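# structure, please.
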Amino acid sequence: MENIAENIFKDKRPLFPKLVKFGFKSKKGKYVFSTDIPDSGFLMRIEIDDSGKISAEIIDRTFNEPYFLHLVENAKGDFVGKVRQFYKKTLFEIADNCFYTEIFKCAQTKLLIEYVRKTYGDSPEFLWEKSPRNAILRRKDSGKWYGALLTVSKRKLGIESDEMAEILNFRISAVELEGIIDGKMYFPAYHMNKKHWCSAVLDGSIPIQEICQRIDCSYRATPYKKPKPQYMQKI
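Just a heads-up that it's a prediction; the model follows:
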């Protein structure tokens, strides 16, 4: 059987206040939401625990038994199609309104993302379908990148290991760049211009305060569109 809920909520984490706003009720450490499926005699029930794990089921009210056909890929028919459509639509609404995407797992990456959100109002943008674990940070006023968050093999950085690492690419002056590349914490930029960008491994080896300072400098070094003088805006 197809695990529709698992696919929809992959890499997503709940925002519990938004669950309550959506209509979930907090019961014994779980958040529970129930809704009738129109013209079916069925009930859809969703549970989310404190860790964010979600379970969803359809109940046949007449027999008070679970219904499963909507999870069977080759099950056809107007009725099962209607139930499946309602089931997916409801789960997507909850995912879009009450969850956020958590692609990155490292604690330092999460701290950096939160810092950027609070300081600049920016969130990671996932641009590449073939690289869903890579994202960029860009200025709103110019659309220019000032950071990239990537998940790569350490071997890509010149480290003799196939372990995956979360890294930050940031802008830096050519003068400063020469002084910080050490092959341990700072590396020539992966997959970007190595004269103006640098890669840092987000594994805690560099203090988070230093990482935030790097992203601040990168933000300031990124080209932006200066507003037109007021008299020009009227022309």
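
# after the top helix by length along the chain, which helix or strand is next?
Across the chain, the helix with the greatest residue count (assigned by DSSP state H) is helix 78-98. Once helix 78-98 ends, the next helix or strand along the chain (criterion: DSSP states H and E) is strand 99-101.

# following element in sequence after that following strand, please.
helix 107-120.

# buried sites along that next one?
108-109, 112-113, 115-116, 120 (16 or more other C-beta atoms under 10 Å). Just so you know, the C-beta spots here come from the backbone N, C-alpha and C atoms, and that holds for glycine as well.

# residues in contact with it: which ones?
With C-beta atoms under 8 Å, 6 or more residues apart in numbering as the test, helix 107-120 has contacts from 102, 104, 122-124, 137, 139, 147, 149, 166, 168, 202-204, 208, 211-212, 215-216, 219.

# now do it: distance to the chain's middle.
With C-alpha atoms, centre = their mean, to the nearest Å as the basis, helix 107-120 stands 12 Å off its chain's centre.

# could you shift the numbering so residue one becomes 466, and keep it that way?
Renumbered: residue one is now 466, and that last one reads helix 572-585.

# now that helix: average pLDDT?
Averaged across helix 572-585, the pLDDT comes to 94.

# run through the residues that contact the spatially most central residue of the chain.
Residue closest to the average C-alpha location in the chain (C-alpha atoms, centre = their mean): residue 566, at 2.9 Å. Counting by C-beta under 8 Å, 6+ apart, residue 566 touches 476-478, 591.
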